[in-house]
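1. Here's a sequence, model it:
(chains A and B)
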Amino acid sequence: MAFDYDKYIRPGKLPHIWCPGCGHGIVMKGLIRAIDSLQLDTKNTAIVSGIGCASRLPGYMDCCTLHTAHGRAAAFATGVKMAKPEMNVILVGGDGDGTAIGGNHFIHACRRNIDMTYIILNNKIYGMTGGQFSPATPTGAKASTTPYGNPDPPFDIAKLAIGAGATFVARGTAYHATQIDKLIAEAIQHKGFSVVEILDDCPTTYGRRNKFKSVIEMMNHLKETSVPVKAAEKMTAEQLQGKVLTGVLYKEEKPEYTTEYAKVIERAQAK
Amino acid sequence: MEKTLPKIEIIEKYCKGCHICVEFCPTKVLEMKGFVASVKNLEACIKCMQCELRCPDFAIKVITD
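-> Take a look at the predicted model:
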């Protein structure tokens, strides 16, 4: 039976603004399926975003949503979670919004291990503003501001999150559509700060500058360059050259921030 | 047993013509008609739901019974 996405979408909001072939819609479908599989109460679920293509996502979702300042999704979401710890807080943003403009907010939210889920849609470019290179743009790739190729090495967002202290880190791709909802559902269930990086395509501002002939070629590129973590264990370093790992990359249990903060309040009030 | 065919509903207003459904359909059920996807050969549909799953524009619904 067809999945009823309409139940979770604000009436009259579709069609969305994303370009033809943009994977953001696929990720949004994954998020909806994840919310549905966990039977989350939409009135008790906050979706928070910053600015950018990916950050338009909460506008379509029939949940409690916040569309905030550029890069500040983590800051606003921390406020929501501290005020209402029982709420499910999900953040959505792009690679530029999350790791450049909001880089500091991102790493400190990871460090605090506050119970939120950050979905980073990594399309390797600033799409909305005209294709400027982002911290996730691969070395040598062309962007509107790097017409001769990008000299910078990119961030590995998943490793950055692990290094900063996130307790659940996973990576998926827009090609592996059935995996997205499972990763997001597992991340939402995890008690602590969880990061799900979804590798995405931007045919309009990245693809056409980097010799991708079509959306299908970009989707197949995501498929060819990704390796599941379990399969990677049996592969040599040479075989893994130029590949990215997908699946649950890191998971650990650590004290969560809102419960720790409740203890602080208790200690202060006991005096 | 007779094969029951699903109903593939394409919301033309939502379709942006990205070709994803056409290319990823394993049995080539869909085709592009101008800028929007349309059903070419419903008989071949195996109800794998790939088109519905991958359509980034929420434009395809595969209705099985």
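
2. Model confidence for the nearest residue in space to A:Ile9 that is not next to it in sequence, exactly?
-> Using Cβ to Cβ, 6 or more residues apart in numbering or on different chains and skipping the chain neighbours, the partner closest in space to A:Ile9 is A:Tyr60 (5.6 Å). Bear in mind the C-beta positions are built from the backbone N, C-alpha and C, glycine included. A:Tyr60 carries a pLDDT score of 95 in this model.

3. Roughly how far does A:Tyr60 sit from A:Asp6?
-> Computed with Cβ to Cβ, to the nearest Å, the distance linking A:Tyr60 and A:Asp6 is 11 Å.

4. quick one, what contacts residue 51?
-> Reading this off chain A. The neighbours of A:Ile51, taking Cβ atoms under 8 Å, 6 or more residues apart in numbering or on different chains as the test, are A:67-71, A:97, A:101, A:128.

5. you looked at the wrong chain, it should be chain B
-> Applying Cβ under 8 Å, 6+ apart, we find B:Cys51 in contact with B:8, B:21, B:24-25, B:29-30, B:37, B:60, B:62.

6. Widest-spaced pair of those residues?
-> B:Ile8 and B:Phe24 (14.0 Å; Cβ to Cβ).

7. neighbour-wise, which of the two wins?
-> Looking at B:Ile8 and B:Phe24 with other Cβ atoms under 10 Å in any protein chain shown, you find the greater number of neighbours at B:Ile8, namely 23 against 19.

8. Next, the closest residue to B:Cys45 other than its chain neighbours: phi, psi?
-> When the adjacent residues along the chain are set aside, B:Cys45 lies closest to B:Val29, with 4.8 Å between them (Cβ to Cβ, 6+ apart). Dihedral angles of B:Val29 (phi, psi; degrees, to the nearest 10) stand at phi -80, psi -30.

9. Might one say that B:Val29 is in contact with B:Ala44?
-> Yes. With the criterion set as Cβ atoms under 8 Å, B:Val29 and B:Ala44 qualify as a contacting pair; they are 5.3 Å apart.

10. So between these two, which is more surrounded?
-> It is B:Val29, of B:Val29 and B:Ala44, that has more neighbours when counted by other Cβ under 10 Å, with 22 against 13.

11. for chain B, what are the low-confidence residue spans?
-> When residues are selected by pLDDT under 70, those of chain B lie in B:1-2.

12. Which residues of it lie near chain A?
-> By Cβ under 8 Å from any Cβ of the partner chain, the part of chain B that sits against chain A consists of B:9, B:13-14, B:16-20, B:23-24, B:52-59, B:61-65.

13. Which of those fall in strands?
-> For the residues of chain B next to chain A, the ones inside strands are B:9, B:61-63, with DSSP state E as the criterion.

14. Now for those residues: which two are most distant?
-> With Cβ to Cβ as the measure, no two of these lie farther apart than B:Glu9 and B:Val62, at 7.8 Å.
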